[in-house]
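Engineer: Turn this into a model:
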Amino acid sequence: MSAYKDYDYPDASPCHVFKELEKPLMSLLNKDINSSILDLGCGNGHLVNYLLARGFNAYGIDASKPGIAIADKINPGRFFVHDLSIEGLPEPLRAMQFNTIISTEVIEHLYDPYAFIRLCRDVLSESKGELIISTPYHGYLKNLFLSILNKWDNHISPLWQGGHIKFWSVKTLTQILNEHGFEVTAFRGCGRFSYFWMTMIIKAKLK
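Structural biologist: Numbers count the residues shown, from 1 in each chain. A predicted model of the protein is given here:
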């Protein structure tokens, strides 16, 4: 199996789609309901540090050692290196109960999204909490225009080491969530305009 390719975070800056995600994501969060948040695939920790600055209780894990090192400089003790394909959480987080998992722009990079969703389900099993996932949007009209305009080579970027290897639609993301006991409760299209969204957010609750 090929080795993990780090994202090479240069600093604590937000990812390129954060400006598109910010308002829709925050519209789905409530401090009373989402009182203990875990960011799976937190990267350089920008979102966790953003949430902490706004009064949320949040932690983050990621496979990127450089990313966690950057994140930990801002809020030490909130970030841990962890491979998302491994069952369970890092030892310091195992005794905590999280009622919300957020994972932005991660699932499209994973070889085994089933293991990832199982991890989400296991972490939320006691709280029956909420899972909020963002991933690039794909649907009929957007896919059609990518084909007509011959943009697929640029869109799927096969030359990007560590890039996207899964391309999710509302239907397929809903299906994998349903198969693991989640019920979708909200959808937000993010960026551009309807049905040509740059990315999407799906919120689901464990039944």
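Engineer: could you say what helices and strands the lengthiest helix in the chain packs with?
Structural biologist: Longest helix of the chain, by residue count under DSSP state H: helix 113-124. Packing partners of helix 113-124 (3 or more Cβ pairs under 8 Å, 6 or more residues apart in numbering; DSSP states H and E): strand 37-40, strand 100-104, strand 130-136, helix 170-179. Where you see a C-beta, it was placed from the backbone N, CA and C, and this is true even at glycine.
Engineer: Show me the shaky parts of this protein.
Structural biologist: 1-4 (pLDDT under 70).
Engineer: the strands in it, which residues?
Structural biologist: For the chain, strands defined by DSSP state E occupy the ranges 37-40, 58-62, 79-81, 100-104, 130-136, 182-190, 199-206.
Engineer: Next, format the ones you listed as JSON lines and append mean neighbour count and distance to residue 69.
Structural biologist: Putting the strands of the chain into JSON lines (neighbours: other Cβ atoms under 10 Å; distance: least, Cβ to Cβ, whole Å) gives the following:
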{"stretch": "strand 37-40", "mean neighbour count": "24", "distance to residue 69": "16"}
{"stretch": "strand 58-62", "mean neighbour count": "26", "distance to residue 69": "11"}
{"stretch": "strand 79-81", "mean neighbour count": "20", "distance to residue 69": "9"}
{"stretch": "strand 100-104", "mean neighbour count": "25", "distance to residue 69": "20"}
{"stretch": "strand 130-136", "mean neighbour count": "23", "distance to residue 69": "24"}
{"stretch": "strand 182-190", "mean neighbour count": "17", "distance to residue 69": "29"}
{"stretch": "strand 199-206", "mean neighbour count": "21", "distance to residue 69": "27"}
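Engineer: and the ones you listed as JSON lines, adding distance to residue 47?
Structural biologist: Formatted as JSON lines, these follow (distance: least, Cβ to Cβ, whole Å):
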{"stretch": "strand 37-40", "distance to residue 47": "6"}
{"stretch": "strand 58-62", "distance to residue 47": "8"}
{"stretch": "strand 79-81", "distance to residue 47": "11"}
{"stretch": "strand 100-104", "distance to residue 47": "6"}
{"stretch": "strand 130-136", "distance to residue 47": "10"}
{"stretch": "strand 182-190", "distance to residue 47": "14"}
{"stretch": "strand 199-206", "distance to residue 47": "12"}
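Engineer: Out of these, which gets nearest to residue 23?
Structural biologist: For residue 23, the closest of the strands of the chain is strand 182-190, at 8.4 Å, according to Cβ to Cβ.
Engineer: which residues touch the closest one?
Structural biologist: 17, 20-21, 24-25, 27-28, 117, 121, 130-131, 134, 137, 170, 174, 177-178, 195, 197-207 (Cβ atoms under 8 Å, 6 or more residues apart in numbering).
Engineer: got it, and stretch 198-207?
Structural biologist: Contacts for stretch 198-207 (Cβ under 8 Å, 6+ apart): 17, 20-21, 24-25, 28, 105, 121, 124-125, 128-137, 170, 173-174, 177, 181-192.
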